[in-house]
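> task: produce atomic coordinates for the following.
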Amino acid sequence: MLRFLTLLLLAVALPAAAVEIKDDLGHTTVITAAPQRIVSLLPSLTETVCELGACSRLVGVDRYSNYPAQVNALPRLGGLEDTNVELIAALKPDVVLVAVSSRVAERLRALGMKVVALEPRSYRDVQRVLTTIGQVLGVPDAQRVWRHIEAGVAAAASSVPAQARGVRVYYEVASGLWAAGTVSFMGETLTRLGAGNIIPPELGPFPKINPEFVVKANPALIMIGQRGSEGLAQRPGWDRIAAIQRGRVCVFKAEEGDILSRPGPRMAEAAQIMARCLREKASS
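Numbers count the residues shown, from 1 in each chain. Model (predicted):
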């Protein structure tokens, strides 16, 4: 009995096995215990943390993280260009999750913080990032979220009628003619729904497109956010585009835009939004 109690006490005293996390920049961070104070500086990462049941561990987020609703009560730490490093340091996080494109990762590390840079752009990325964040959080079976996403996207695809399949789509993700390319997670969703994409894969995930390119491509359907939709038909030559002539333009509200633009747990909802657009516009 004495030997058993000694072994039990040793087991309690020993720290959990350390986990080495290699992020998307190739930097390795050692996590010695499940972090209890987390800062997330990218909305898709914020949503992933919450979906994995660790929302209560968040102590600060970027200005664009707004889902789920409980994160709106957390301190706002700026965006990519104006991250408030001093406030992050004051929050004393165990780990900071940042975008690959963030400019503050090295500065945060220099201050002694553990930083993990992740930025999913494709379906494969999302699945991988789920696993990585699950490891950071110490959450088993993070892939359950991926299985839910896959099932939801498949259900959305089954709702698209045959006459809408193959329709050629131009998806403008941001003003200035930034498009959703075939190899982006948005483009992959379109493909899974059976739609075409006027953006060839060699242009990358989110290329900036010349207006004339869209005119020549002549998409049958346009997907665009509310802000960018103003004056669409007045763009030079765009009145000749079939989608505009036939009124096949889906304008997404700001809330829908958030869901559509975040590669994370709500991708099944994004697929449903796109599928509804295809049903209502492309099959008419």
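
> who's in contact with stretch 248-262?
43-44, 47, 66-67, 173, 186, 220-227, 229, 232, 242-243, 266, 269-270, 273-274, 277, 280-282, 284 (CB atoms under 8 Å, 6 or more residues apart in numbering). Using the backbone N, CA and C atoms, a C-beta is placed for each residue, glycine as well.

> among the residues you listed, name the ones in strands.
Val173, Leu221, Ile222, Met223, Ile224, Gly225 (DSSP state E).

> neighbour-wise, which one of the residues you listed leads?
Met223 (27 neighbours; other CB atoms under 10 Å).

> so who does that one touch?
Residues counted as contacts of Met223 (CB under 8 Å, 6+ apart) are Val169, Tyr170, Tyr171, Glu172, Ala180, Val249, Cys250, Phe252, Met274, Cys277.

> distance to Gly152 for the ones in strands among the contacts of stretch 248-262 - can I get that in CSV?
Compiled in CSV, these are given as follows (distance: CB to CB, whole Å):
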residue, distance to Gly152
Val173, 21
Leu221, 22
Ile222, 24
Met223, 19
Ile224, 23
Gly225, 22
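
> could you measure from the closest residue to Ser159 other than its chain neighbours over to Tyr170?
Nearest residue to Ser159 in three dimensions, chain neighbours excluded: Ala275, at 5.2 Å (CB to CB, 6 or more residues apart in numbering). Going from Ala275 to Tyr170 by CB to CB, to the nearest Å gives 17 Å.

> also Gly53?
38 Å.

> so those two - more neighbours on which side?
More neighbours surround Tyr170 than the other of Gly53 and Tyr170, with 24 against 11 (other CB under 10 Å).

> the more buried one contacts Ala242, correct?
No. At 10.6 Å, Tyr170 does not count as touching Ala242 under the criterion of CB atoms under 8 Å.

> between the two, what contacts are shared?
Pro219.

> quick one: the helices in this protein?
2-13, 43-51, 85-91, 105-110, 123-137, 143-158, 185-192, 211-217, 242-245, 254-260, 267-277 (DSSP state H).

> buried ones in the last one?
Judged by neighbour count (16 or more other CB atoms under 10 Å), helix 267-277 contains these buried residues: Met267, Ala268, Glu269, Ala270, Ala271, Gln272, Ile273, Met274, Ala275, Cys277.

> please name the residues that touch the last one.
Shown in contact with Cys277 (CB under 8 Å, 6+ apart): Leu221, Met223, Cys250.

> how much space between the first one and Asp23?
So the one you mean is Leu221. Look at Leu221 and Asp23: by CB to CB, they are 37 Å apart.

> same question, the last one
The span separating Cys250 from Asp23 equals 35 Å under the rule CB to CB.

> just Ala17 next, same as before
Ala17 is 19 Å from Asp23, by CB to CB.

> out of the two, which sits in the more crowded spot?
Neighbours were counted for Ala17 and for Asp23 using other CB under 10 Å; Asp23 has more, 20 against 7.

> how does the chain divide into domains?
17-140, 162-282 (automatic domain parsing).

> export those domains to TSV and tack on distance to Ala156 and mean pLDDT?
Formatted as TSV, the domains of the chain follow (distance: least, CB to CB, whole Å; pLDDT from 0 to 100):
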stretch	distance to Ala156	mean pLDDT
domain 17-140	14	96
domain 162-282	4	96
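
> now the ones you listed in CSV, with distance to Ala151?
What follows is these, written out as CSV (distance: least, CB to CB, whole Å):
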stretch, distance to Ala151
domain 17-140, 14
domain 162-282, 7
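
> Val126 contacts Arg266, doesn't it?
No. Checked against CB under 8 Å, the pair Val126 and Arg266 is beyond contact range at 10.8 Å.

> which residues sit against stretch 58-74?
By CB under 8 Å, 6+ apart, stretch 58-74 touches 37-43, 46-47, 49-50, 55, 75-79, 83, 87-88, 91, 93, 258, 266.

> picking that back up, compare the domains of the chain and give me the one nearest Ala155.
domain 162-282 (7.6 Å; CB to CB).

> run through the residues that contact the residue nearest to Arg109 when sequence neighbours are not counted.
Closest residue to Arg109 apart from its sequence neighbours, by CB to CB, 6+ apart: Val115 at 5.3 Å. By CB under 8 Å, 6+ apart, Val115 lies in contact with Asp23, His27, Thr29, Val95, Val96, Val98, Ala105, Leu108, Arg109.

> I'd like to know how far Ser175 sits from Val215.
For Ser175, the distance to Val215 (CB to CB) stands at 18 Å.

> fine by me, thanks again.
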